[in-house]
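S.K.: build the 3D model from these lines:
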Amino acid sequence: MTGKEFVRRLANGKSDIIEVFLDILSKTGSRYCLIGGLAVNAYVEPVVSLDMDVVAASENISAICKSAKERGLKVEKFEHSVNISGADSDIRIQLQEDPRYQEFIHNAKDGNVLGYRMRVAKVENVLRGKIWAYMDESRRKSKRQKDLADIFRIVEKFPKLAEALPKSIRKELEK
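M.R.: Now for the predicted structure:
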(Lines give C-alpha, C1' and ligand atoms only; values in the text may rest on other atoms or scores of the structure.)
Protein backbone atom coordinates (compact mmCIF):
# COMPACT_ATOMS: atom_id res chain seq x y z
CA MET A 1 0.00 0.00 0.00
CA THR A 2 1.36 3.42 -0.92
CA GLY A 3 1.42 6.42 1.41
CA LYS A 4 -1.36 8.05 -0.59
CA GLU A 5 -3.53 4.92 -0.37
CA PHE A 6 -2.94 4.77 3.38
CA VAL A 7 -3.92 8.43 3.88
CA ARG A 8 -7.01 8.01 1.71
CA ARG A 9 -8.17 4.95 3.68
CA LEU A 10 -7.44 6.64 6.99
CA ALA A 11 -9.40 9.72 5.91
CA ASN A 12 -12.38 7.67 4.67
CA GLY A 13 -11.71 9.41 1.39
CA LYS A 14 -13.85 8.84 -1.64
CA SER A 15 -11.74 11.52 -3.26
CA ASP A 16 -8.16 12.62 -2.63
CA ILE A 17 -8.61 16.07 -1.10
CA ILE A 18 -4.85 16.53 -0.71
CA GLU A 19 -4.31 15.94 -4.43
CA VAL A 20 -7.21 18.30 -5.23
CA PHE A 21 -5.75 20.96 -2.94
CA LEU A 22 -2.25 20.62 -4.42
CA ASP A 23 -3.81 20.98 -7.88
CA ILE A 24 -5.58 24.17 -6.71
CA LEU A 25 -2.27 25.56 -5.46
CA SER A 26 -0.63 24.74 -8.77
CA LYS A 27 -3.39 26.14 -10.97
CA THR A 28 -3.63 29.37 -8.97
CA GLY A 29 0.16 29.78 -9.09
CA SER A 30 0.19 30.00 -5.31
CA ARG A 31 3.37 30.11 -3.29
CA TYR A 32 2.97 27.96 -0.20
CA CYS A 33 4.58 25.50 2.17
CA LEU A 34 3.44 22.79 4.51
CA ILE A 35 3.82 23.51 8.23
CA GLY A 36 2.56 21.71 11.33
CA GLY A 37 2.44 18.01 12.08
CA LEU A 38 2.54 16.78 8.48
CA ALA A 39 5.59 18.95 7.88
CA VAL A 40 7.23 17.27 10.88
CA ASN A 41 6.59 13.98 9.03
CA ALA A 42 8.78 15.20 6.18
CA TYR A 43 11.78 15.14 8.53
CA VAL A 44 11.15 12.35 11.05
CA GLU A 45 9.24 9.07 11.26
CA PRO A 46 5.63 9.82 10.27
CA VAL A 47 2.78 10.07 12.73
CA VAL A 48 -0.76 10.01 11.38
CA SER A 49 -2.72 13.25 11.31
CA LEU A 50 -5.91 14.28 9.58
CA ASP A 51 -4.88 17.94 9.70
CA MET A 52 -2.90 19.55 6.90
CA ASP A 53 -1.51 22.93 7.97
CA VAL A 54 -0.35 25.16 5.14
CA VAL A 55 0.86 28.72 4.86
CA ALA A 56 0.16 30.34 1.50
CA ALA A 57 1.34 33.72 0.33
CA SER A 58 -1.17 36.30 1.56
CA GLU A 59 -1.88 37.51 -1.96
CA ASN A 60 -2.89 33.97 -3.02
CA ILE A 61 -5.45 33.19 -0.29
CA SER A 62 -8.53 34.60 -2.06
CA ALA A 63 -7.73 32.78 -5.32
CA ILE A 64 -7.21 29.52 -3.41
CA CYS A 65 -10.54 29.93 -1.60
CA LYS A 66 -12.38 30.78 -4.80
CA SER A 67 -10.94 27.76 -6.59
CA ALA A 68 -11.69 25.49 -3.61
CA LYS A 69 -15.35 26.59 -3.63
CA GLU A 70 -15.54 26.02 -7.40
CA ARG A 71 -14.31 22.45 -6.76
CA GLY A 72 -17.13 21.90 -4.26
CA LEU A 73 -15.00 22.18 -1.13
CA LYS A 74 -16.26 23.86 2.03
CA VAL A 75 -14.34 27.04 2.93
CA GLU A 76 -14.65 28.52 6.42
CA LYS A 77 -12.94 31.75 7.52
CA PHE A 78 -11.66 32.09 11.10
CA GLU A 79 -9.64 34.78 12.88
CA HIS A 80 -6.18 33.53 11.82
CA SER A 81 -6.98 30.78 9.35
CA VAL A 82 -9.14 29.51 6.54
CA ASN A 83 -10.28 25.90 6.84
CA ILE A 84 -10.97 23.86 3.73
CA SER A 85 -12.72 20.50 3.85
CA GLY A 86 -14.71 18.20 1.62
CA ALA A 87 -17.62 15.86 2.13
CA ASP A 88 -15.62 12.96 0.66
CA SER A 89 -12.65 13.09 3.07
CA ASP A 90 -11.94 13.50 6.78
CA ILE A 91 -8.76 15.49 6.00
CA ARG A 92 -8.96 19.08 7.27
CA ILE A 93 -6.82 21.66 5.48
CA GLN A 94 -5.98 24.79 7.44
CA LEU A 95 -4.51 27.80 5.65
CA GLN A 96 -2.62 29.70 8.34
CA GLU A 97 -2.97 33.48 8.02
CA ASP A 98 -0.74 34.44 10.96
CA PRO A 99 1.78 36.80 9.30
CA ARG A 100 4.70 35.26 11.25
CA TYR A 101 4.54 32.22 8.95
CA GLN A 102 4.86 34.14 5.66
CA GLU A 103 8.66 34.09 5.76
CA PHE A 104 8.60 30.26 5.86
CA ILE A 105 7.53 30.20 2.20
CA HIS A 106 10.73 31.82 0.91
CA ASN A 107 13.11 29.04 1.85
CA ALA A 108 10.76 26.05 1.73
CA LYS A 109 11.91 23.00 -0.17
CA ASP A 110 10.29 20.27 -2.21
CA GLY A 111 9.52 17.28 -0.06
CA ASN A 112 7.72 13.98 0.01
CA VAL A 113 5.09 13.59 2.71
CA LEU A 114 3.24 10.27 2.76
CA GLY A 115 3.61 9.96 -1.00
CA TYR A 116 2.69 13.55 -1.89
CA ARG A 117 5.21 15.92 -3.46
CA MET A 118 4.80 19.37 -1.97
CA ARG A 119 6.66 22.38 -0.64
CA VAL A 120 7.67 21.95 3.00
CA ALA A 121 8.98 24.58 5.40
CA LYS A 122 12.61 23.97 6.36
CA VAL A 123 12.99 21.99 9.57
CA GLU A 124 14.12 25.02 11.62
CA ASN A 125 10.91 26.83 10.65
CA VAL A 126 8.73 23.80 11.32
CA LEU A 127 10.29 23.70 14.79
CA ARG A 128 9.74 27.43 15.29
CA GLY A 129 6.06 27.06 14.33
CA LYS A 130 5.67 24.16 16.75
CA ILE A 131 7.25 26.26 19.51
CA TRP A 132 4.81 29.10 18.79
CA ALA A 133 1.90 26.66 18.89
CA TYR A 134 3.05 25.04 22.14
CA MET A 135 3.61 28.41 23.84
CA ASP A 136 0.08 29.58 22.89
CA GLU A 137 -1.81 28.97 26.12
CA SER A 138 -5.15 29.64 24.42
CA ARG A 139 -4.80 26.31 22.56
CA ARG A 140 -6.36 23.17 23.99
CA LYS A 141 -4.02 21.26 26.28
CA SER A 142 -4.25 18.13 24.09
CA LYS A 143 -3.12 20.14 21.03
CA ARG A 144 -0.25 21.65 23.01
CA GLN A 145 0.86 18.19 24.13
CA LYS A 146 0.94 17.05 20.50
CA ASP A 147 3.00 20.15 19.64
CA LEU A 148 5.43 19.28 22.44
CA ALA A 149 5.72 15.70 21.18
CA ASP A 150 6.44 17.05 17.67
CA ILE A 151 9.13 19.33 19.12
CA PHE A 152 10.72 16.33 20.84
CA ARG A 153 10.56 14.26 17.63
CA ILE A 154 12.40 16.98 15.70
CA VAL A 155 15.06 17.54 18.38
CA GLU A 156 15.71 13.79 18.72
CA LYS A 157 16.53 13.65 14.99
CA PHE A 158 18.29 17.05 14.87
CA PRO A 159 19.92 17.50 18.32
CA LYS A 160 21.61 20.79 17.39
CA LEU A 161 18.16 22.38 17.10
CA ALA A 162 17.69 21.99 20.87
CA GLU A 163 19.68 25.23 21.19
CA ALA A 164 16.71 27.08 19.63
CA LEU A 165 14.31 25.91 22.33
CA PRO A 166 13.12 28.27 25.04
CA LYS A 167 14.28 27.31 28.55
CA SER A 168 10.80 26.13 29.57
CA ILE A 169 10.72 23.61 26.72
CA ARG A 170 14.31 22.51 27.31
CA LYS A 171 13.30 21.70 30.90
CA GLU A 172 10.46 19.53 29.57
CA LEU A 173 12.93 17.80 27.27
CA GLU A 174 15.22 16.99 30.17
CA LYS A 175 12.48 15.30 32.25
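
S.K.: secondary structure class for R92?
M.R.: Assigned by DSSP: H, G, I helix; E, B strand; the rest coil, the conformation of R92 is strand.

S.K.: that one: neighbour count?
M.R.: 16 (other CB atoms under 10 Å). For the C-beta atoms, the positions are set from N, CA and C on the backbone; glycine is no exception.

S.K.: number of nearby residues for I61?
M.R.: When neighbours are counted by other CB under 10 Å, I61 comes out with 18.

S.K.: element containing it, please.
M.R.: Using DSSP states H and E, I61 sits within helix 61-70.

S.K.: again with S168
M.R.: Assigned by DSSP H and E, S168 falls within helix 167-174.

S.K.: what ranges does this protein have for its helices?
M.R.: Using DSSP state H, the helices of the chain run over 3-10, 17-27, 36-41, 61-70, 123-135, 141-157, 167-174.

S.K.: and for A133, the neighbour number?
M.R.: When neighbours are defined as other CB under 10 Å, A133 has 20 of them.

S.K.: that one is in contact with K143, isn't it?
M.R.: Yes: between A133 and K143 there is a contact under CB atoms under 8 Å: 7.3 Å.

S.K.: C33 bridge partners, please.
M.R.: Residues in a beta bridge with C33, per DSSP bridges, are V55.

S.K.: so which residue is smack in the middle of the chain?
M.R.: In the chain, the centroid-proximal residue (CA atoms, centre = their mean) is D53; its distance is 2.7 Å.

S.K.: once you drop chain neighbours, what's closest to that one?
M.R.: The spatially closest residue to D53, leaving aside those adjacent along the chain, is G36, at 2.9 Å (CB to CB, 6 or more residues apart in numbering).

S.K.: list the contacts of the one you found.
M.R.: By CB atoms under 8 Å, 6 or more residues apart in numbering, the contact list for G36 reads 49, 51-53, 94, 126, 129-130, 133.

S.K.: repeat that for M135.
M.R.: Going by CB under 8 Å, 6+ apart, M135 touches P166.

S.K.: and the pLDDT at it?
M.R.: On pLDDT, M135 comes in at 95.

S.K.: same question for the one 4 residues further on.
M.R.: Reading off the per-residue confidence, R139 sits at a pLDDT of 91.

S.K.: equivalent analysis for V48, please.
M.R.: pLDDT recorded at V48 is 79.
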